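**Student:** Dropping a prediction and its sequence here:
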Amino acid sequence: MKWVIFLHGWIAMTYDRTRPKYKYVAMTSRGRELLRSLVQAVNEDERFPYNLSGLQPEELAHFLH
């Protein structure tokens, strides 16, 4: 029997009471829909993959945070 210990809009984490050391993480249907929409948006973007070679490491770090 699995017990839900964490449920967020995009992922659910469960565990089996007989093996609580191991956790099972899965995407929710809402998470799968979000991932599909992101993949579709990237596929439709003619500029992807973006050329980031002109960025300095600091600029890239700032962009990612």
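**Tutor:** Everything's here; your move.
**Student:** measure T14 to G31 for me?
**Tutor:** T14 sits 14 Å away from G31, going by Cβ to Cβ, to the nearest Å. (Each C-beta comes from the backbone N, C-alpha and C, glycine too.)
**Student:** go on, R17?
**Tutor:** 25 Å.
**Student:** more neighbours, the two?
**Tutor:** A count of neighbours by other Cβ atoms under 10 Å puts G31 above the other of R17 and G31, at 15 against 8.
**Student:** mind listing what that one touches?
**Tutor:** By Cβ atoms under 8 Å, 6 or more residues apart in numbering, the residues touching G31 are 9-11.
**Student:** Tell me the first helix or strand C-terminal of the helix or strand containing it.
**Tutor:** Assigned by DSSP states H and E, G31 belongs to helix 29-44. Once helix 29-44 ends, the next helix or strand along the chain (criterion: DSSP H and E) is helix 57-64.
**Student:** Give me the helices and strands touching that next one, please.
**Tutor:** Where contact means 3 or more Cβ pairs under 8 Å, 6 or more residues apart in numbering; DSSP states H and E, helix 57-64 is not packed against any helix or strand.
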